[in-house]
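*Asks:* Build me a model:
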Amino acid sequence: MDALFIVNPAAGGGRGRERFERVRHLAAAPGKVVRIEYTERPGHAGEIARRAAAEGWRTVVAVGGDGTASDVADALAHTDTSLGIVPTGTGCDFVRSVGIPAEMERAMAGIWSYPPRACDLGRIGERRFLNAAGFGFDAAVAEEANRIKHATRAGGTWPFLVAVGRVLRTYRPVWVRARVDDAPEERMQVLLVTFANGRAYAGGMRISPASDVADGRLEMVTVRALRPTQVVLLLPSVFLGLHTHHPAVSIRSFERLRLVADEPVAVHCDGEEFPPLAPGSALDLAVEPRALRLLAPASPPA
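*Replies:* As a prediction, this is how the structure comes out:
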């Protein structure tokens, strides 16, 4: 099995190249053809991956965070090229759902041993996502957390928690109309709606603890309107996946979904900014079952 490695130097607070260089020797294997390319701008990882698939590479490895893996997954959807992931970013939440080790050395070794397994992808508008997309409060927090990361080069959960504190000061719940599959339209006031393929986001928050990336469905995690103090009290339980017992939280699986908001709402796609939803405009989501060949352990973690 030959492999093309796409390395994002900006991952991990700008330490992506440095981190990869520590394990680069593990990319070499007897009898394997290996090529390494570094991204130079946002979206470049997807461009490289599309070209690699067209050239007939059987494996493309995303070396970076969830955003890098998402860009590459989008480019490889419905092709015969498998996606491998070596996490070097600040969050790297998707690997938690599929059993890929968070340690770079072990993840690199797995590239040569993991079998390809089918993996669903989500689609928000015309953009596919690998792990999760969000609407409302979590999208506003993701925007602020990204600003903190770029300014401080900090990683992990800390930028997200700081962003939560800042956004809570001004954020207000919004009214939305939702149609899930063929169910009747429902109007509700929400703090956030997350559309999950994987189980965790934002540096380890288990937003959808029962999600399965190969079940042909996504999960809609809805948190209805809460006061700021209630949000602060709820937040710790999300890291344990216990928020699902809160009366303001509901989870429904779906194949397709349409949302319409009464006012402008922030949206994110795998933690990256997405065009905000304008008042009265529809946001369409759907699952693309088995759209990706993913190199990961045969049995995902419980």
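
*Asks:* so what's the nearest residue to residue 186 once chain neighbours are set aside bridging to?
*Replies:* Counting by CB to CB, 6 or more residues apart in numbering, the nearest residue to residue 186 once its immediate chain neighbours are dropped is residue 178, at 5.3 Å. Just so you know, the C-beta spots here come from the backbone N, C-alpha and C atoms, and that holds for glycine as well. With DSSP bridges as the criterion, residue 178 is bridged to residue 186, residue 259.

*Asks:* Can you pull out the low-pLDDT segments for the stretch 1-150 of the chain?
*Replies:* Counting by pLDDT under 70, the stretch 1-150 of the chain has low-confidence residues at 1, 30-31, 90.

*Asks:* ok, which stretches of it are helices?
*Replies:* Counting by DSSP state H, counting those that start in this stretch, the stretch 1-150 of the chain has helices at residues 11-14, 16-23, 44-55, 66-76, 94-98, 104-111, 137-152.

*Asks:* Out of those, which gets nearest to residue 236?
*Replies:* helix 137-152 (15.5 Å; CB to CB).

*Asks:* That closest one - contacts with which helices or strands?
*Replies:* Using 3 or more CB pairs under 8 Å, 6 or more residues apart in numbering; DSSP states H and E as the contact test, the elements touching helix 137-152 are helix 158-168, strand 186-196, strand 265-269, strand 272-277.

*Asks:* who does whichever helix or strand comes after the last one touch, helix- and strand-wise?
*Replies:* Meaning strand 272-277. Using DSSP states H and E, the helix or strand that follows strand 272-277 towards the C-terminus is strand 282-295. Packing contacts for strand 282-295, counted by 3+ CB pairs under 8 Å, 6+ apart, involve helix 66-76, strand 82-87, strand 116-124, strand 256-261.

*Asks:* make it 6 Å
*Replies:* The contact analysis (3 or more CB pairs under 6 Å, 6 or more residues apart in numbering; DSSP states H and E) places strand 282-295 against strand 82-87, strand 116-124, strand 256-261.

*Asks:* Just the residues contacting that strand, thanks.
*Replies:* Applying CB atoms under 6 Å, 6 or more residues apart in numbering, the contact partners of strand 282-295 are 73, 77-78, 82-84, 114, 116-124, 195, 216-218, 255-260, 277.

*Asks:* Stretch 21-38 now?
*Replies:* So stretch 21-38 is contacted by 2, 3, 4, 5, 6, 7, 9, 48, 104, 105, 108, 112 (CB under 6 Å, 6+ apart).

*Asks:* any chance of those residues in TSV, plus neighbour count and distance to residue 131?
*Replies:* Formatted as TSV, these follow (neighbours: other CB atoms under 10 Å; distance: CB to CB, whole Å):
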residue	neighbour count	distance to residue 131
2	13	27
3	22	22
4	22	22
5	22	20
6	27	17
7	25	20
9	18	21
48	24	20
104	17	19
105	12	23
108	22	21
112	15	24
